[in-house]
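**Student:** okay, predicted coordinates and the sequence, questions at the end:
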Amino acid sequence: MKLLKSIIIITSLASFSTLAAQQITQEDAAKHEKIGTISITEDGFTMDKDGLSKKVDEKGGKYYVITSEQGHQDNKTINADIYK
């Protein structure tokens, strides 16, 4: 029974990680359908790549390309294109 629980937990963790949006290159983006853009600005910026990936997931994207980053570490804006 413990083995079965362990297998279920490992399988579910692996499936969650595959759902996260992935950053791709401009060249790879040409192979996918663009579905929108995203712009994130935060004071005391704490957004990392996992946080950006989650925001893209919420918009229905599977991939993203960062198009620009402006500001400093304490106040930053990231712009990205979202792809299916």
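**Tutor:** On my side now, so go ahead.
**Student:** going forward, measure contacts and count neighbours with C-alpha atoms only.
**Tutor:** Noted.
**Student:** flag the shaky bits of the protein, pLDDT-wise.
**Tutor:** Along the chain, segments meeting pLDDT under 70 span 1-19, 45.
**Student:** can you give me the helices for it?
**Tutor:** 2-19, 26-29, 49-58 (DSSP state H).
**Student:** residue contacts, the residue nearest in space to the middle of the chain?
**Tutor:** The residue lying closest to the centre of the chain (Cα atoms, centre = their mean) is Ser53, at 1.3 Å. When contacts are counted by Cα atoms under 8 Å, 6 or more residues apart in numbering, Ser53 touches 20-23, 64.
**Student:** and with 10 Å instead?
**Tutor:** By Cα atoms under 10 Å, 6 or more residues apart in numbering, the contact list for Ser53 reads 19-23, 47, 59, 61-64.
**Student:** same question for Ala30.
**Tutor:** Applying Cα under 10 Å, 6+ apart, we find Ala30 in contact with Tyr83.
**Student:** repeat for Asp81
**Tutor:** Counting by Cα under 10 Å, 6+ apart, Asp81 touches 23, 26, 29, 34-39, 56, 61, 63-68.
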